[in-house]
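K.L.:
could you look at this predicted model? Sequence included:
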Amino acid sequence: MPQPKPKLSAMRPHRLAGGLLLASIAAQALATDNTLIAVTEPWPPYNTFSNDDTADGAHALILQRALALSGVEAQINVYPWARAMALAQSRPNTLLLSVARTPEREQQFIWIGKLSQTQDFLWRADTTANQSETSLLQIMRCCSICTVRKDVSEEALRQQDTEHRLQLVLTGSHHDCLRMLRNGSVAYMAGSPYRIQATLQQSSLPASFLHKTTAIAPPRKLFLAASKGTPEATIRKLQHAMHQLQQSGEHDRILQKMLAKPLPATGDANAANPPASKP
């Protein structure tokens, strides 16, 4: 007599365990592999565009052209920002984009070429249309702020916390910050205009839902960087290729073309609620 098939609910724990095991094996293999890789984070329209798992944004396309010109091969992987930073800080032969070049990071990486420029602001839910904005210092004294762990906004806020009154909440993504802002867990969230635009759109919220307040820091340049221990020959080839793209104008053409495109509409729940981590 045939045995009854196991219920789907009974199978799920085994599938989850198998998935976690494969993720662990993949992460260990990546850490010990000596081939050149590039890591980045989901950030439309710079690093990703069509979805949060594919490196097809403006900066990713510039890197792909630089790799082609230099004859260097590297696979581009998309991770949460803290994971991408950790890999670039610990694994030789790792390229990182798009990373803000700050004094604190100057000695942590080898800087290859500029990609573009951005600026972070604080944003609040636009529930009080006539609410007068206060200074960054006043906000830091009174209110909780959410930002992504290891993001440049975290560095900038901590640097300015001279009174040690900063109420900083760190998360894995801007979507997490938006959820906390919506449920009242925090008063403000940090992010650049493009970052906020994409986060709101992927969450099916209008652009008017968040109100831009004060700047966190002056505009910062975003770079392609490499981990310490990456071969000098690889660095030189990529630096020369990035210079070629700048001189020919191709760099700016790619950037302007991608930034002019409207972000694709999405009904994918995974886009609005990306997984907390990846292998």
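P.N.:
Received the coordinates, thanks. Numbers count the residues shown, from 1 in each chain.
K.L.:
the domain parsing of this structure - what is it?
P.N.:
Domain assignment for the chain by automatic domain parsing gives 35-118+220-272, 121-215.
K.L.:
how far does the last one sit from its chain's centre?
P.N.:
Between the mean C-alpha point of domain 121-215 and the mean C-alpha point of its chain there is a distance of 16 Å (CA atoms, centre = their mean, to the nearest Å).
K.L.:
next one: the longest one
P.N.:
Taking the mean of its C-alpha atoms, domain 35-118+220-272 sits 10 Å from the chain's own mean (CA atoms, centre = their mean).
K.L.:
any idea of the mean pLDDT for that domain?
P.N.:
Taken as a whole, domain 35-118+220-272 has an average pLDDT of 93.
K.L.:
ok, stretch 154-161 next?
P.N.:
For stretch 154-161, the per-residue pLDDT averages 95.
K.L.:
that stretch: which residues count as buried?
P.N.:
Glu154, Glu155, Ala156, Leu157 (16 or more other CB atoms under 10 Å). Yep, even glycine has a C-beta here, placed from its N, CA and C like the rest.
K.L.:
do stretch 43-51 as well
P.N.:
Of all the residues in stretch 43-51, those buried under the rule 16+ other CB under 10 Å are Trp43, Pro44, Pro45, Tyr46, Asn47, Thr48, Phe49, Asn51.
K.L.:
what's it in contact with?
P.N.:
With contact meaning CB atoms under 8 Å, 6 or more residues apart in numbering, stretch 43-51 is reached by 40-42, 52, 54-60, 78, 97-98, 115-116, 194-195, 198, 222, 258-259, 261, 263-264, 266, 268, 271.
K.L.:
what subset of these is buried?
P.N.:
So, by 16+ other CB under 10 Å, the buried ones in the contacts of stretch 43-51 are 40-42, 52, 55-60, 78, 97-98, 115-116, 194-195, 198, 222, 258, 266, 271.
K.L.:
which stretches of the protein form strands?
P.N.:
Ranges of strands in the chain, per DSSP state E, are 37-40, 75-78, 94-100, 109-118, 121-125, 144-148, 167-171, 188-191, 210-215, 220-227.
K.L.:
tell me which of these lies nearest to Met180.
P.N.:
Met180 sits nearest to strand 144-148 of all the strands of the chain, at 5.3 Å, using CB to CB.
K.L.:
of the buried residues of stretch 154-161, which is the nearest to Glu104?
P.N.:
The closest of these, once distances to Glu104 are taken by CB to CB, is Glu155, at 5.8 Å.
K.L.:
I'd guessed Tyr40 sits against Gln75; true?
P.N.:
Careful, residue 40 is Thr; it's not Tyr. No. Contact criterion CB atoms under 8 Å: Thr40 and Gln75 do not qualify, at 11.5 Å.
K.L.:
among the buried residues of stretch 43-51, which pair sits farthest apart?
P.N.:
Tyr46 and Asn51 (14.2 Å).
K.L.:
these two touch, right, Gly66 and Ile235?
P.N.:
For residue 66 the amino acid is Ala, not Gly. No. Counting by CB under 8 Å, Ala66 stays clear of Ile235, with 11.8 Å between them.
K.L.:
more neighbours: those two, which one.
P.N.:
Neighbour count, other CB atoms under 10 Å: between Ala66 and Ile235, Ala66 has more, with 26 against 16.
K.L.:
which non-adjacent residue is nearest the more buried one?
P.N.:
Ala241 (4.1 Å; CB to CB, 6 or more residues apart in numbering).
K.L.:
for the one you found, give me its contacts.
P.N.:
Residues near Ala241 by CB under 8 Å, 6+ apart: Arg65, Ala66, Leu67, Leu69, Ser70, Val72.
K.L.:
with Lys212 instead?
P.N.:
Shown in contact with Lys212 (CB under 8 Å, 6+ apart): Phe121, Leu122, Trp123, Pro193, Ile196.
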